[in-house]
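S.K.: quick check, what structure comes out for this input:
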Amino acid sequence: MIRQIQAVHPLPDWRNLGVVLRVLLGGNVLALAAALVQSPDLRGWPWRFVEFAALVEPVLLLTLGVVAGIRDLLWKMPPRAAQFVVVAVAACLAALQSDLWNWLGLTSGTFLDALRAALLAAAAAILLLFYFTLRLRAISPSMSEARLSALNARIRPHFLFNSLNAVLSLIRAEPRRAEEALESLSDLFRAALRDPAERVPLSDEIALARQYLDLERLRLGERLRILWEVADVPLDEAIPPLMLQPLLENAVYHGIEPRPEGGTVAISFSRKRDELVIIIANPSGGSSHVRGNHMAVANIRERLALYYDLEARLDIEEGPENYRVLIHLPCRTHPHP
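M.R.: Numbers count the residues shown, from 1 in each chain. Okay, the predicted model is just below:
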């Protein structure tokens, strides 16, 4: 049975590197705009910008630190309430910074100055949240289009027909195996039709990959050899659905089928600090097959960017004899003892 994990909260992931960079960039753009507006002439704006940036950066970093620390709590709240908390945090930290600098003698501000700093910080936070809301609305159709364009590559017609033929050949000789193969095929198509915004546990993705490879072995037999290596990784880590199956399908189609002697598909999972590393290796299958691999890899890269922004990446290592795909995903879950 395939479990599903809830979709991403409308608020951004404040621990995501891409989100942090966008917040810092947005804050500095607002500081630059304020410097240009308040400078009496064009020659004075750089110093004015440095002054404003010195005021903005500490508040930005502190606010990011606080909301990143309470990210999970914010995701459990209604979106409007969570957005209000973010705005309130930014406003309070701006007012506290104004009072602290006044107490240290760096400025000679008054209560009205602290109030103005809080209001400006709140306005900046609202603008940034509005930007992330617009970005989420822009990404959602893109994710749906990416899913639709990937469906044909995930479960190819030739795989469906070959699998059905293999099942038919088993019905009389081994009816139990034929029944299990049909159940596995049903799970694959159910997964292909899943909502792309919903993530699944790593354990379910591995189970689905095993089912797929078992189906391929029905028709390829001993030509397809499989090597699994699952290190101490958190199996309940939530990842995008069907990240493995399209790559494994390409490994079989481009790396095993062209070779009369077959070959080995090696799949490994490991954890390096806060990163989950997935490696799929297969024999090289020639230039035309490499081009086919690149088409599937480009699709997965696009999906990774939609799910994880800058925190995930997909690398390729090509050699004369071997082809490897390496997926690096952020890992938030601690492995079970």
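
S.K.: who does the one helix or strand Arg22 maps to touch, helix- and strand-wise?
M.R.: In this structure, Arg22 sits in helix 17-38 according to DSSP states H and E. Applying 3 or more CB pairs under 8 Å, 6 or more residues apart in numbering; DSSP states H and E, we find helix 17-38 packed against helix 45-69, helix 111-154. For every residue, glycine as well, the C-beta is placed using N, CA and C.

S.K.: okay, angle between that helix and helix 45-69 too, please.
M.R.: Interaxial angle of helix 17-38 relative to helix 45-69 (axes from the mean of the first three to the mean of the last three CA atoms, to 10 degrees): 150 degrees.

S.K.: what is the distance between helix 17-38 and the centre of its chain?
M.R.: Put simply, helix 17-38 sits 25 Å off its chain's centre (CA atoms, centre = their mean, to the nearest Å).

S.K.: with stretch 36-52 instead?
M.R.: Counting by CA atoms, centre = their mean, stretch 36-52 comes out at 39 Å from the chain centroid.

S.K.: check stretch 167-184 too.
M.R.: With CA atoms, centre = their mean, you get 37 Å for stretch 167-184.

S.K.: still on that earlier bit, most tightly surrounded among the helices and strands packed on helix 17-38?
M.R.: Counting by mean count of other CB atoms under 10 Å, helix 45-69 has the highest mean neighbour count of the helices and strands packed on helix 17-38, with a mean of 17.

S.K.: domains of this structure: list them as residue ranges, please.
M.R.: 17-142, 155-330 (automatic domain parsing).

S.K.: dump these into CSV; add distance to Leu11 as well.
M.R.: Shown next, in CSV, are these (distance: least, CB to CB, whole Å):
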stretch, distance to Leu11
domain 17-142, 5
domain 155-330, 14
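
S.K.: is it possible to export those domains to CSV including mean pLDDT?
M.R.: Formatted as CSV, these follow (pLDDT from 0 to 100):
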stretch, mean pLDDT
domain 17-142, 82
domain 155-330, 81
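
S.K.: what number of residues lie near Leu30?
M.R.: Residues contacting Leu30 under the criterion other CB atoms under 10 Å number 18.

S.K.: what sits against the closest residue to it other than its chain neighbours?
M.R.: Using CB to CB, 6 or more residues apart in numbering and skipping the chain neighbours, the partner closest in space to Leu30 is Ala124 (5.5 Å). By CB atoms under 8 Å, 6 or more residues apart in numbering, the contact set of Ala124 is Gly26, Gly27, Leu30, Val56, Ala90.

S.K.: quick check, nearest of the residues you listed to Leu329?
M.R.: Among the contacts of Ala124, Gly26 lies closest to Leu329 (CB to CB), at 26.0 Å.

S.K.: separation between that closest one and Pro12?
M.R.: In this structure, Gly26 and Pro12 are 12 Å apart, going by CB to CB, to the nearest Å.

S.K.: of those two, who's got more company?
M.R.: Higher neighbour count among Gly26 and Pro12: Pro12, with 25 against 16, using other CB under 10 Å.
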